[in-house]
Every structure is written in C-alpha cells, then in structure tokens.
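[1] Build me a model from this:
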Amino acid sequence: MENWGYSVIGEALIIMGKALKDPNSDIRKDFVLSREQLQTLIGVVKLSASPGVQKKYIWDLAKRWNVTQRTVENWIKVGVVRPGRKSVHDTRLWWSDADLDEDERKLIKLGYIKKPNKFRRKLYFWRMLSNWINEQ
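    Reported below is the predicted structural model:
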C-alpha cells in the first residue's frame, strides 16, 4: 500500500475513535456493537497488526498464484519476482503484501499468471485468516 493509503486509514480511525469516545456524538449514539462483533473486530485488528501474518513465505506465494514453489523460485532467479527478505535468526525468505502486489501486476503483464478474480482473492484471505485463528 502507498503512504497515502496508510494516512487515509490512520485519519479515519482517529476521527472515528474520537467520535466513539464522545458520549454526545451522533456516531456514538447510533453505534451498536455486540460482544461477538467486538471480538471479531479485535481479532481483525490483531491480525492486521501482526508482523507474522504480514510476512508471506514462498509457499504462501505459490498458493496465492496457484503455482508450485519451484516455479516461484525460478521467477525469483530470473528476476520476475523480487528477492525476499530474511529476519534475524530465521533463514526463510519472506515478502510483504505490498511487494507481492507489485510483483503480481508484473506477472500478469508478462502473462505468467491470470488476473485473480474476486472469489480467489477472498478464498486466499479466508485461508490465511483460518490458519491464523487455528494457531491461536
């Protein structure tokens, strides 16, 4: 995501947070949130903020693009997909979603993969979310 996207999300959360804190605001008066909805919201925030969830490993790339890990490795070798990063005390390569979005556009443009449909994107997100929930 680009810097302006982070700024927009941050500002929206600040504005909404201030309004929810004020018992006289219209947002607060009309805002209804069940316990289950609150737990879900907290889970989504934790998921979004978790560095471990934001790191995508080579098998995640293969799932995302519906190819084998060997294919992804070959794309890295030829420079179609950027080299991954390594963390301290971890030898595995990882990528961020922002990196993957750029590389995915390149792969589509070169004809290596097809443009993902909305259902496939939702399925990918659902699997990621399910895996994270099952780990907790």
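
[2] can you pull out the strands in this protein?
    With DSSP state E, the ranges of strands along the chain come out as 56-57, 85-86, 93-95.

[3] who's in contact with stretch 97-112?
    1, 54, 56, 61, 64-65, 75, 80-82, 95, 113-116 (CB atoms under 8 Å, 6 or more residues apart in numbering). In short, each C-beta sits where N, CA and C put it, glycine included.

[4] Of all the residues in that stretch, which ones are buried?
    Neighbour-count burial for stretch 97-112, counted by 16 or more other CB atoms under 10 Å, picks out Asp99, Leu100, Asp103, Glu104, Leu107.

[5] Include distance to Lys29 when you put the residues you listed into JSON lines, please.
    What follows is these, written out as JSON lines (distance: CB to CB, whole Å):
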{"residue": "Asp99", "distance to Lys29": "43"}
{"residue": "Leu100", "distance to Lys29": "41"}
{"residue": "Asp103", "distance to Lys29": "46"}
{"residue": "Glu104", "distance to Lys29": "43"}
{"residue": "Leu107", "distance to Lys29": "48"}
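
[6] Least confident of the residues you listed?
    Among the buried residues of stretch 97-112, Asp99 carries the weakest pLDDT, at 82.
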